[in-house]
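Q: missing the sequence, but the structure's below:
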């Protein structure tokens, strides 16, 4: 997030930006009113019928926005995504943005949304950051209905012989609530359920979110939901949703949530905001349905993956793109001077001070991500997302470093200038798309053993020397093969702050080992999560939550949201 | 619910009934498109501006639908409410229905919705019974955000000195989930919160639901939310939401949920479906905002209260009407032959067999409710909601019993015939409204001591001889007076199946005692709940939940919902 003390806040800019009726935005895409399910004047879902109508249309080009390993404040990847979409529109191209939906938990906890920033925002930002069209609520409901069905099964005779010590399905709320991480349920005697350990994740960490985002249609959603593993029985065999017979009910609860949401940017570029899984224990990309729909309606789709390229781009390419049968034509690697200085050794609270030397050291982090994208066979442009604290010397140095190595680079100022601040980036992208061919190829084959897939990611994407598996993980590798899950791709859960699994190792670490502590099957989503450390799936609130400043004004408008 | 084996199911009838665009329905009420926030083509919320516009209009007449003490299957009160609205439309009157929103929990658990039945249903029934416009999800979110703020306060130093053994705010989900009734949270060590006992209620039992339903506008909503008591401190003094400073944030989360939802019946009568608090620990009526809005837009508003007249009508009159400054012009008391036979001693699974004698005995239950409505000074009509199993002898007997005592009575067949089946009832209502004057007066004054208010309800409404208070309740009466809560009305939590607090005492019991086990302050809602026994605030699922039969068809339509 850029901090500009003398300018308007994001919510002020957003609330003062006039929107066009979403019907008008849709019309320009060839979608008429009958194909929309309106949510007020400025939000809409596309009907199932309208999705079917466009299925056979030619697909536009997909551009993936990713970044270096970020600072805790983030590098403005969403802001660049929005700004780039507006830039394409500005130069007369038909572009659509496809992004993730924000989660309410962090919104109430710490300042910062997921709808872009400054003059590169999607609107209505208030609604999108609050309940939006109810997708996350539907996922919460389906997640917890499933949990209730499991506990009811235990209570009513446990025909499936579920081992209550081995129930892996957790409950979920779209709230930051550390007190729900580890709980005991079913207390109070025989009519109040079977006592057992349990816990809540934040909704975006629910496998249902990942399933919804990877589903290609309603039928595929139901199949995926049916495959989800909820527990193991006393013979240590997996028990699935299909075994419980509730995949139909869960699909019914999600039948609206699976339809993509259409909104617009400040500059009226259409944007699909749909789905938002965690980028650690899930793949961190918006829905396949939204990305594909966007590609049928525009010549250029600008989309992003969560975290840095080592996680977000890797998962977009190995999981989402492969599963959906899509491929990006080019990649934008977002870098900031601040983050590169941090990678060069500057402490977090000193990033505002000029340090060209640190920048040249930290550049190694960017370099590694460039090499990774190249290894996938994809053209790319580096986008320097400019901050007000960046000095001329620093910016010139970074541009020079890139140019010395013939790396296409663009200075973007989309926060301050909206689409106009991204026109150069858009032109450079068109240039690389035209010149360099996209020869996208995954780094591993699905038929490789699980262990080898993990090793490939660790060595080729992170630059690790080797991978070590805990005894538990080794046992799981064996079990999972036995369950027939060996063909699934890997979803790495690793810190986003370092290429290694140690968040303090900045820059471009070498000679390090990636330790796989545990594996987690997400069979509905269709991947095996490899956990390299403790992954927080239910955040906590800070001492003074952002909620303390939130309110409504006399007209019912949100105050203090950002 | 009527069971008609050879006819269509409710969902079949609903899905085959063509709806008009909600814009058309609104237009007839003088509401134009700009005053609507559309949710698809057939649902809309009214904007805050539109509510302000009509504030000063003359109010129409409110008709309250209530019933005798029901059988577990219910007496079709919602069905009569919908059918009566259609009947008024049919005879050329401008009528609007104002009803409660269904809860998802029971929908997934046991067959049966809250959108009427047969040809007297509100549409789109699928949507209304599933996520509708997200009101319940917003309440769930606000409820659990508040819980997270409380636990975060404990974790971050506990400045308010909250006694973690005396936190009365529970978490909530719109799900039937017995395993969450009694839980322990905050386990796992010092960074995972403060361990304590907790539990989940179903969302409709959250005080926030009652607050939303009694709020007159957004500002009033915020004040009520601020007054809610969440815990007691180590000095045993109440701690409120305002003490935590999060009433603004909670209001922001509810700013859309507080707007009333407009839909239509099968016969295109407008209906507001908004809010749905429990009828035991809360007052069981739809929102004040919806009822008042309806009264500004129509000449006749048909609305209902949960459970029988001893609970639903009493609370409508003492809590909702008094707090909102409204009054009903007449009351409909719904009775069924089946329920009266049950009150006359026929076992539950034998109610299909003719038993005129049992009917004449069970009639005493209806008689008591009639007397209660008379004691409030309100005109009324008894509506016999006809079932296919009712015999001519039985129907004639019941009609005769009423006529002998000059009780206005109407035979309704709204399930089968829609509005046409309620035309006689509508005419009889117009008749009593014209002839008998509504001299509405509450049975107790707000200035009466809490104890006396409870006694008044027990004696005058239930026919009890006396009231006994447990030692705990006695202590609470004293404490609550000390906290300044003595002026609040009472919300009785009692079984709906009997006039007494013992569900097995059918008919019209006499010489009984009402035992008050415990009191519960709902200061935001503005009442003191008096609990006469264990009240279930989190239902469980049956062995074979209705969810097992639910699914979606190839067009994305719900299957097996009812």
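A: That came through fine. This structure is a prediction, so every number in the text was calculated from the model and none was measured.

Q: going forward, measure contacts between C-alpha atoms and count neighbours the same way
A: OK.

Q: Near chain B, which residues of the stretch 201-350 of chain A? Just list them.
A: By Cα under 8 Å from any Cα of the partner chain, the residues of the stretch 201-350 of chain A that approach chain B are A:218-219, A:245-253, A:255.

Q: how about low-confidence regions in chain A?
A: Counting by pLDDT under 70, chain A has low-confidence residues at A:1-6, A:111-113.

Q: same thing but 50
A: Scanning chain A with the threshold set as pLDDT under 50 gives A:1-4.

Q: tell me the centre residue of it?
A: residue A:284 (2.7 Å; Cα atoms, centre = their mean).

Q: who's in contact with it?
A: Contact analysis of residue A:284 by Cα atoms under 8 Å, 6 or more residues apart in numbering or on different chains lists A:276-278, A:305-307, A:312, A:315-316.

Q: and if we set it to 6 Å?
A: Residue A:284 makes contact with A:277-278, A:305-306 under the criterion Cα atoms under 6 Å, 6 or more residues apart in numbering or on different chains.

Q: and what of residue A:376?
A: So residue A:376 contacts A:440-441 (Cα under 6 Å, 6+ apart).

Q: Show me which residues of chain A are close to chain B?
A: Contacts of chain A with chain B, taken as Cα under 6 Å from any Cα of the partner chain, map to A:37-40, A:148, A:156, A:177-180, A:182-187, A:192-193, A:246, A:248-249, A:252, A:543, A:547-548, A:550-552.

Q: what about burial for these, which qualify?
A: Buried members of those, scored by 16 or more other Cα atoms under 10 Å in any protein chain shown, are A:37-40, A:148, A:177-180, A:182-187, A:192-193, A:246, A:248-249, A:252, A:547-548, A:550-552.

Q: quick one: residue A:27 is in a helix?
A: Yes. If the criterion is DSSP: H, G, I helix; E, B strand; the rest coil, then residue A:27 is within a helix.

Q: how close does the residue nearest to it when sequence neighbours are not counted get to chain B?
A: Excluding its sequence neighbours, the residue lying closest to residue A:27 (Cα to Cα, 6 or more residues apart in numbering or on different chains) is residue A:33, at 7.7 Å. According to Cα to the nearest Cα, to the nearest Å, residue A:33 and chain B sit 10 Å apart.

Q: number of nearby residues for residue A:33?
A: 15 (other Cα atoms under 10 Å in any protein chain shown).

Q: And residue A:388, by the same measure?
A: As a burial measure, residue A:388 scores 11 neighbours (other Cα under 10 Å).

Q: for it, helix, strand, or coil?
A: Strictly by three-state DSSP, residue A:388 counts as coil.

Q: What of residue A:514?
A: Reduced to three states by three-state DSSP, residue A:514 is strand.

Q: if we can go back for a sec, pick the one among the residues of the stretch 201-350 of chain A next to chain B closest to chain B.
A: Proximity of these to chain B (Cα to the nearest Cα) peaks at residue A:248, which lies at 3.9 Å.

Q: after the host helix or strand of that closest one, next one along is what?
A: Assigning secondary structure by DSSP states H and E places residue A:248 in helix A:247-254. Downstream of helix A:247-254, the next assigned helix or strand under DSSP H and E is strand A:261-265.

Q: name the helices or strands packed onto that next one?
A: If you count contacts as 3 or more Cα pairs under 6 Å, 6 or more residues apart in numbering or on different chains; DSSP states H and E, strand A:261-265 packs onto strand A:43-46, strand A:120-123, strand A:270-273.

Q: those helices in the stretch 201-350 of chain A, which residues are they?
A: Counting by DSSP state H, counting those that start in this stretch, one finds helices in the stretch 201-350 of chain A at the ranges A:207-214, A:218-227, A:241-244, A:247-254, A:288-297, A:314-315, A:322-324, A:337-343.

Q: Minimum distance to residue A:558: which of these has it?
A: Closest to residue A:558 of these is helix A:207-214 (Cα to Cα; 26.9 Å).

Q: and stretch A:189-204, how far apart are its ends?
A: End-to-end distance of stretch A:189-204 (Cα to Cα, to the nearest Å): 33 Å.

Q: brain fart, stretch A:481-497
A: Stretch A:481-497 has an end-to-end distance of 31 Å (criterion: Cα to Cα).

Q: hmm, who's touching that stretch?
A: With Cα under 6 Å, 6+ apart as the contact definition, stretch A:481-497 has outside contacts at A:69-70, A:280-281, A:307, A:446-447, A:450, A:501, A:503, A:527-532.

Q: Inside helices: which ones of the residues you listed?
A: Per DSSP state H, helices hold the following members of the contacts of stretch A:481-497: residue A:450.
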